[in-house]
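*Asks:* using only what follows, build the 3D model:
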Amino acid sequence: ASGQQRAALAHTLAGTPHVTMTLCCELMPQNAEARRCAAGAVITRKGWLLASELDQVRARNLASDPEVRELYARLRSIRGQAARLAFTVPPPGQEDLFRERMARLAREADVLEEQLARRSADYARQLARRRADLPAVLAALPQQSALIELTDYWSYDFKHPQGQSPWGQWRCAAFILRPGSEDVVCVPLGDCQTLDDALRRSRADTAEQRVPDADAQEDLYRLVWRPLADHLQGVRRLIIAPDGQANLIPFAALPIAPDGEEYLCERYIVQMVNSGRDLVPTESPKGAGAVIVADPDFSSEGQTPGEAQSRGHTLRSVLSGDIPDLLRGLVLGELPSSQDEAETIANTLREHGDTPRVLLGPQATEDAVKAIDSPDCLHLSTHGFFLADAQPLTPGESGLSFGQSGEGATPILLRRPMHRSGLA
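*Replies:* Sure, this is the predicted structure:
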């Protein structure tokens, strides 16, 4: 399936986790099985983020192995059929046939993925992690740790009047998992808009290098830490998997005292992960050592290096496909000082017996970075871009559009904070 089809399918199915979260956090908070079900659903949903990693593995393998290329072509065809079928309304009386066909396609895709995994160690490693379930994550937790799996969702009104939208507030919640316990704690964190307002005020102070606003710090303590604290007795390591707006929370600097005099990193070891699945052990290849990438050449086509050094350059490609309208006109200047930074880091590593690989100027390219396989340490010194905040669409809103640049269409995927920023 194409990237657009996968995104469209994800949007079609987007309502399911929101309904699940509403049931768990609002209607059945005392039901242990409901909490486990919801936590498992969140971990599974985040597992789809690994699809992009699998695509990178696929790109490396297709060029050199015809059999892998054939297997992936068949898998892509089956995914395309599943995506198209998801948009089909079955004729009356054929619902069972429709479900059976979807199940058959899923089974065929599983078989092909297993065959690909046998031919590619990288694919097998990422596939195993993507398929890891809640028990596997619980078993991977270190002693004296707690996994805080954060998620946001739209509250669903099961009794909404006919003709009215069932979607209510945009809310945030956290699931807390502890080693040695099968119980999952669900902690509602209130509506995302209130949290977002506190984050905006705190981030504004940081950007302007001002003393943090006391009221904003108090709000972050009240909204984020206080609801979690009672469930973290005896914990030494916090493993945090943010989601949505929570990606903007500076957790290490999160105030954990009402007066703002103590911060999270002063009491706990803080570890950030994409999802609890990142903790599940897999067989890893030998690392590629340390790689340092700095001072990229942002020259536009047709410019000489001298011309490139004299002015900044407009970003020519971000993400994939055409440049979104929101990124047009973004100018990138040269970063000559990052070369000094790279050499300082490289010398420090050499003093400790490492042999870092340093990519500078025309060697510091996107293709070169994507070709790096499992580095022990990766240092990137380049530009970042940050788009303006945007309110996410509810699962029921019509607004999914995938027009090319110039058609006035902005993909829904750019509405989440982590999809509205990146590296150049």
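*Asks:* flag every buried residue along the longest helix anywhere in the chain.
*Replies:* Using DSSP state H, we find that the single longest helix of the chain is helix 95-119. For helix 95-119, a neighbour-count test (16 or more other Cβ atoms under 10 Å) marks 101, 105, 108-109, 112-113, 115-117 as buried. Where you see a C-beta, it was placed from the backbone N, CA and C, and this is true even at glycine.
*Asks:* which residues touch residue 242?
*Replies:* 150, 249, 251, 272 (Cβ atoms under 8 Å, 6 or more residues apart in numbering).
*Asks:* neighbours around the second one, how many?
*Replies:* The reference is to residue 249. Close neighbours of residue 249, defined as other Cβ atoms under 10 Å, add up to 21.
*Asks:* same thing with residue 144?
*Replies:* Residues near residue 144, counting by other Cβ under 10 Å: 12.
*Asks:* and if you look at residue 160?
*Replies:* Quick note: residue 160 (other Cβ under 10 Å) scores 12 neighbours.
*Asks:* same deal with residue 29?
*Replies:* 14.
*Asks:* and what of residue 32?
*Replies:* Residue 32, neighbours per other Cβ under 10 Å, totals 13.
*Asks:* cool, and the one 10 residues further on?
*Replies:* Counted by other Cβ under 10 Å, the residues lying close to residue 42 total 26.
*Asks:* from now on call the first residue 621
*Replies:* New numbering, starting at 621: the last item is residue 662.
*Asks:* nearest spatial neighbour of it, chain-adjacent residues omitted?
*Replies:* residue 771 (4.7 Å; Cβ to Cβ, 6 or more residues apart in numbering).
*Asks:* looking only at pLDDT, what's the mean for the helix or strand containing that neighbour?
*Replies:* Residue 771 belongs to strand 765-776 when assigned by DSSP states H and E. Averaged across strand 765-776, pLDDT comes to 92.
*Asks:* was I right to think residue 917 contacts residue 986?
*Replies:* No. With contact defined as Cβ atoms under 8 Å, residue 917 does not count as touching residue 986 (11.6 Å).
*Asks:* who's more crowded, these two?
*Replies:* Neighbour count, other Cβ under 10 Å: between residue 917 and residue 986, residue 917 has more, with 17 against 11.
*Asks:* can you give me phi and psi for that one?
*Replies:* phi -90, psi 110 (degrees, to the nearest 10).
*Asks:* list the contacts for the nearest residue to residue 1004 once chain neighbours are set aside?
*Replies:* Excluding its sequence neighbours, the residue lying closest to residue 1004 (Cβ to Cβ, 6+ apart) is residue 1043, at 5.7 Å. Residues counted as contacts of residue 1043 (Cβ under 8 Å, 6+ apart) are 1000, 1002-1005.
*Asks:* next one: phi and psi at residue 1043?
*Replies:* phi -110, psi 150.
*Asks:* where in the protein is pLDDT low?
*Replies:* For the chain, applying pLDDT under 70 flags the ranges 621-636, 667-684, 703, 706-709, 742, 826-827, 829, 902-908, 919-950, 1007-1040.
*Asks:* helix, strand, or coil at the most far-flung residue of it relative to its centre?
*Replies:* In the chain, the residue that sits farthest from the middle, by Cα atoms, centre = their mean, is residue 713; the gap is 39.7 Å. The three-state assignment at residue 713 reads coil, by DSSP: H, G, I helix; E, B strand; the rest coil.
*Asks:* name the nearest residue to residue 822, sequence neighbours excluded.
*Replies:* Nearest one to residue 822, counting by Cβ to Cβ, 6+ apart, is residue 836 at 4.4 Å.
*Asks:* count the neighbours of that neighbour for me.
*Replies:* 20.
*Asks:* for it, helix, strand, or coil?
*Replies:* Going by three-state DSSP: residue 836 is helix.
*Asks:* show me the contacts for it.
*Replies:* Going by Cβ under 8 Å, 6+ apart, the list of residues near residue 836 reads 818, 821-822, 825.
*Asks:* and with 6 Å instead?
*Replies:* 818, 821-822 (Cβ atoms under 6 Å, 6 or more residues apart in numbering).
*Asks:* repeat for residue 648
*Replies:* residue 654.
*Asks:* let's go with 10 Å and repeat that
*Replies:* 642, 654-655, 657-658, 806 (Cβ atoms under 10 Å, 6 or more residues apart in numbering).
*Asks:* do the same with residue 969
*Replies:* 909-910, 912, 975-976, 978, 996-997, 999.
*Asks:* are any of the residues you listed buried, and which?
*Replies:* Applying 16+ other Cβ under 10 Å to the contacts of residue 969 flags 910, 912, 976, 978, 999 as buried.
*Asks:* part of a helix, is the last one?
*Replies:* No. Secondary structure assignment (three-state DSSP) places residue 999 in strand, not in a helix.
*Asks:* excluding chain neighbours, what is closest to it?
*Replies:* residue 912 (4.6 Å).
*Asks:* is that neighbour in a helix, a strand, or coil?
*Replies:* Per three-state DSSP, residue 912 ends up strand.
*Asks:* that one touches residue 980, doesn't it?
*Replies:* Yes. At 8.5 Å, residue 912 and residue 980 qualify as touching, with contact defined as Cβ atoms under 10 Å.
*Asks:* count of residues packed around residue 856?
*Replies:* For residue 856, using other Cβ under 10 Å, the count is 13.
*Asks:* quick one, what contacts the closest residue to it other than its chain neighbours?
*Replies:* Excluding its sequence neighbours, the residue lying closest to residue 856 (Cβ to Cβ, 6+ apart) is residue 764, at 4.2 Å. By Cβ under 10 Å, 6+ apart, the contact set of residue 764 is 798-799, 854-857, 889.
*Asks:* which phi and psi does residue 764 have?
*Replies:* Main-chain torsions, residue 764, degrees, to the nearest 10: phi 60, psi 30.
*Asks:* I am finished for the moment; much appreciated.
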